[in-house]
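[1] mind looking at a prediction? Sequence and model below.
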Amino acid sequence: MQAPMAGGVQIPRGNGRTVVRLRRGASLTDFSEKINANPASLVTVLFHLGEMATATQSLDEDTFRMLGSELGYDIQVVSPEDEDRELLESFDIDLAGELAQDEDHMASRPPVVTVMGHVDHGKTKLLDAIRHANVVAGEAGGITQHIGAYQVHYEFEGIDRAITFIDTPGHEAFTAMRARGAKVTDIAVLVVAADDGVMPQTIEALNHAQAAGVPVVVAVNKVDKEGADPSKIRQQLTEYNLVAEEYGGETMFVDVSAKQRINIEGVLEAILLTADAALELQANPNKNARGVAIEANLDKGRGPVATVLVEAGTLEVGDAIVAGTAYGRVRALLDENGDTLHTAPPSRPVQVLGLTSVPRAGDSFLVAPDDRTARQIAEKRAAVERAAVLAKRRKRISLEDFTKALEQGKVQTLNLILKGDVAGSVEALEDALLQIDVGDEVELQIIDRGVGAITMNNVNLAVASNAIIVGFNVRPAEKVGDLAEREGVDIRHYSVIYQAIDEVEAALKGMLKPEYEEIQLGSAQIREVYRSSKFGNIAGCLVRSGEIRRNAKARLVRDGNVVSESLNIESLRRFKEDATEVREGYECGIGLGSFNDIRVDDIIETFEMQEKQRG
C-alpha cells in the first residue's frame, strides 16, 4: 500500500506489524532497500519528524523506531550476537550446527578458573604462589594491570590434572573485565582477606560470578596475620548465599596464606573437587578451534600478540584465524613461559603470533577455512562496528533545539584519545571514564582508542578535534613528543588506572561553570535617615549581627519583603571617619549609592557570593 507523504512522495507503508530487521548503525539507504522506497523520501519524512539526517548517515535505534512507527513498521535492530551469527552463516560457518554435532566426539578438558576479590586481598599473591612466578613486583602500585592466563599441573588422586587460571585486574575500575572473565570461566576463586573481611569489591566480584552461574571456591587468605578470623568470613558470606560445607552448605572454603605458601594445594584440590562434583567439563578437540581473546598487545619485535583461550577444537600453527576485527595466519603458538607449542587443545591459554592487527580483550576468535575468508569476515565485522560507532556518536537533535544548539556553547565536551600497552586496559579505562557523571553541562567523548605507542596520527587527530591524549603504560613514538609540544597537544602518561580516572574527573569538573552560594555577612537596622545633597540619603544604622563591610553586596528588607536585591555598600562611616568594616553592636552610617528609598526600621542585609566546591 502506498501512502502520500510531504511533497507528494509515495512511500510503501506497513500495517504496524510488518517487521523490518536492520543491523546496528544502518542508514536510511539500508532501510529504503528493505521496504523498496526512495531514500530521499525517507530523509523528508524524518525531517518532518524533527530529525535531520542524510541518506547514508548511520542512525541509532531510537530514530529508526520513531520512523518505523510513523510508517507502520516494527523495526528490530539485530543484536551484535545475532548480527555476528548471520555474518558467519553467510560464510557457511554455522557454530550452532557444530555444537549439535559435537556430542559424539567429546573429551574431558581442564577447568578454567578466574581469581576474583577485593583489591589488596592477595589475588595476585595467590596466583604467584600457585605458579611460582613473581608478577606483583613488576606491577605499578601493586595492582595487576593486565589480564594474563596460565596453566598449572597438579597431581590429584594419582592423576596429573591441568588447571587454567585467568588473572583479572583487581581494582574496581576493571568491573567490565572481571565480568568478562566470569563469562569464559568454569569456576571462580573468591579471595577474601581473613583480617579484613567482606568488602564492596568482594560482593561485586561475587555478583559477577553468580550472574554467570559459576560455582565459587572461597580462599580465605592471610590466615597467618594477627587479627585473622576465618570463621567471621564464613559467617559474613552466608548472607550472600555462600554457605560453607562445615555449616551444611555446598561452598568449599580453604584457609590459606599466599605469602607464606600455606595450604596452596588445598585451593587446587578444592577447584578439582568442585569441577568433578558440579561440572561436566567437555569439549570436542577434533575440529577447527574457537574461543576468546583474553588479552592482546602490540609487541615491538613480534607485532600484534593475542593471548587466547581455546574453548573448543584444537588450534594449530598455520591455521587461518579471525579474532573480532583482526585476522591472520597463526605463525607461532607460545605458552605462558614463552615456550613454543605446535597445538593448543581446549582450555589451553596460548599466545598467538601472526595477526595483522590487535584484537580487543573479550573478542571471540575462530579458525576460518582459508586466509581469504578470515580477511573478509574481519573486514565485514570492522565495517559493521564502524557503522555502529557512528550511530552511537551521532547526537540526536530536534528542529526546535537546532538553532538553540548552534547559538549555545552550553554543552562543553572533553575529547580524549586513549592509548595503552594492552587492549584490556584500554577497554577498562574507557568503561571507567564513560561512567564518570558530572551532570548534563559537560560531555566526555572518547574519539579514538588503540594499542601501542602514541603516534603522529594520534597527535594530528588531537589537533583537529582539540583532544587530550591519555597514554597508559605507553610513550610517544620518536619525534611525536616534539610535534605534540609544537602543536600544544596535552599528552598525559599514567601507569595506574585510577590516577587517570581521578584526573579526568577533575578536568571535567573544572569545565563546569562555577556554582555560587550566598554567604551571609551581617545585617543592620536603620535607626535614622540623614539627607545629604552631596551623597543622597545616608542610613544611620545599628549593626544587629555579623559585620558590615564596605563594597559588600547588599539587599534592603522592609517588613519582611525585599525592596531591592542588587545594592552595594558604597560608603561606610563611624563618627565622620571612613571604616572598612563595622561589627555587631556598633553604630555606623551606610550609603547605598544612588539608591535613596530607605526608611527607619528597614533592614540592610549584606552577603557575598562564594564558589561552591563540587563533590
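    Everything's here; your move.
[2] wait, isn't Lys299 in contact with Ala332?
    If you look again at residue 299, you'll see it is Asp, not Lys. No. The pair Asp299 / Ala332 is not scored as a contact, 11.8 Å apart, by CB atoms under 8 Å. Backbone N, C-alpha and C define where each C-beta goes, glycine included.
[3] tell me the buried residues in stretch 485-500?
    Neighbour counts over stretch 485-500 (16 or more other CB atoms under 10 Å) mark Val489, Ile491, His493, Tyr494, Ser495, Val496, Ile497, Tyr498, Ala500 as buried.
[4] for the residue in the chain sticking out farthest from the centre, phi and psi?
    Largest separation from the mean C-alpha position in the chain: Ser533, at 68.1 Å (CA atoms, centre = their mean). Backbone torsions for Ser533, taken as degrees, to the nearest 10, come to phi -70, psi -30.
[5] from the buried residues of stretch 485-500, which is closest to Glu587?
    The closest of these to Glu587 turns out to be Tyr498 (CB to CB; 57.5 Å).
[6] what about that closest one, which SS state?
    Here Tyr498 is recorded as helix under DSSP: H, G, I helix; E, B strand; the rest coil.
[7] the one 5 residues further on too?
    Under three-state DSSP, Glu503 falls in the helix class.
[8] ok, the residue nearest to it when sequence neighbours are not counted - contacts?
    Using CB to CB, 6 or more residues apart in numbering and skipping the chain neighbours, the partner closest in space to Glu503 is Arg492 (6.8 Å). By CB atoms under 8 Å, 6 or more residues apart in numbering, the residues touching Arg492 are Ile468, Ile469, Val470, Gly471, Ala500, Glu503.
[9] quick one, what contacts the second one?
    The reference is to Ile469. Leu416, Ile417, Lys419, Ile454, Asn458, Val459, Ala462, Ala484, Val489, Asp490, Ile491, Arg492.
[10] identify the bridge partners of Asn355.
    I think there's a mix-up here, since residue 355 is Leu and not Asn. Beta-bridge partners of Leu355, counted by DSSP bridges, are Gly328.
[11] so what's it up against?
    Gly303, Pro304, Val305, Ala306, Ile321, Ala323, Ala326, Tyr327, Gly328.
[12] apply 10 Å and report the result again.
    293, 296, 303-306, 308, 321-324, 326-331, 365, 374, 378 (CB atoms under 10 Å, 6 or more residues apart in numbering).
[13] from memory Gly546 sits against Glu584, does it?
    Yes. Look at Gly546 against Glu584 with CB atoms under 10 Å: they come within range, at 6.2 Å.
[14] excluding sequence neighbours, find me the nearest residue to Thr185.
    Of all residues not flanking Thr185 in the chain, Thr114 sits nearest, at 4.2 Å (CB to CB, 6+ apart).
[15] neighbours of that neighbour, how many?
    29 (other CB atoms under 10 Å).
[16] in three-state terms, label it for me.
    strand.
[17] measure it to Ser347 for me?
    Per CB to CB, to the nearest Å, Thr114 is found 13 Å from Ser347.
[18] any residues in contact with both of the two?
    With CB under 10 Å, 6+ apart as the test, Thr114 and Ser347 both reach Thr164, Val184, Asp186.
[19] okay, and the first one sits in which element?
    Assigned by DSSP states H and E, Thr164 belongs to strand 159-167.
[20] buried residues in that strand, which are they?
    Arg161, Ile163, Thr164, Phe165, Ile166, Asp167.
[21] just the residues you listed now: which is nearest Val600?
    Asp167 (79.4 Å).
[22] the spatially most central residue of the chain: what secondary structure?
    Closest residue to the average C-alpha location of the chain: Asp431 at 1.0 Å, with CA atoms, centre = their mean. What three-state DSSP gives for Asp431 is helix.
[23] how close does it sit to Val214?
    Taken as CB to CB, the span from Asp431 to Val214 is 21 Å.
[24] next one: Glu316
    29 Å.
[25] try Ser545
    64 Å.
[26] more neighbours: which of these two?
    Val214 (21 against 15).
[27] ok, that one touching Thr114?
    Yes. If you go by CB under 10 Å, Val214 and Thr114 touch, sitting 7.8 Å apart.
[28] may I have the helix ranked longest in the chain exported as PDB, CA atoms only?
    As assigned by DSSP state H, the longest helix anywhere in the chain is helix 371-393. What follows is helix 371-393, C-alpha atoms only, in PDB (Å, rounded to 0.1, in the frame of the first residue of the first chain):
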ATOM      1  CA  ASP A 371      43.100 -16.700   4.600                       C
ATOM      2  CA  ARG A 372      40.600 -15.000   2.200                       C
ATOM      3  CA  THR A 373      37.600 -15.900   4.300                       C
ATOM      4  CA  ALA A 374      39.300 -14.800   7.500                       C
ATOM      5  CA  ARG A 375      40.100 -11.400   5.900                       C
ATOM      6  CA  GLN A 376      36.500 -11.000   4.600                       C
ATOM      7  CA  ILE A 377      34.900 -11.800   8.000                       C
ATOM      8  CA  ALA A 378      37.200  -9.400   9.700                       C
ATOM      9  CA  GLU A 379      36.500  -6.600   7.200                       C
ATOM     10  CA  LYS A 380      32.800  -7.100   7.400                       C
ATOM     11  CA  ARG A 381      32.900  -7.000  11.200                       C
ATOM     12  CA  ALA A 382      35.000  -3.800  11.100                       C
ATOM     13  CA  ALA A 383      32.500  -2.200   8.700                       C
ATOM     14  CA  VAL A 384      29.600  -3.100  10.900                       C
ATOM     15  CA  GLU A 385      31.400  -1.900  14.000                       C
ATOM     16  CA  ARG A 386      32.300   1.400  12.300                       C
ATOM     17  CA  ALA A 387      28.600   2.000  11.400                       C
ATOM     18  CA  ALA A 388      27.500   1.100  14.900                       C
ATOM     19  CA  VAL A 389      30.000   3.500  16.500                       C
ATOM     20  CA  LEU A 390      28.900   6.300  14.100                       C
ATOM     21  CA  ALA A 391      25.300   5.700  15.000                       C
ATOM     22  CA  LYS A 392      26.200   5.900  18.700                       C
ATOM     23  CA  ARG A 393      28.200   9.100  18.300                       C
END
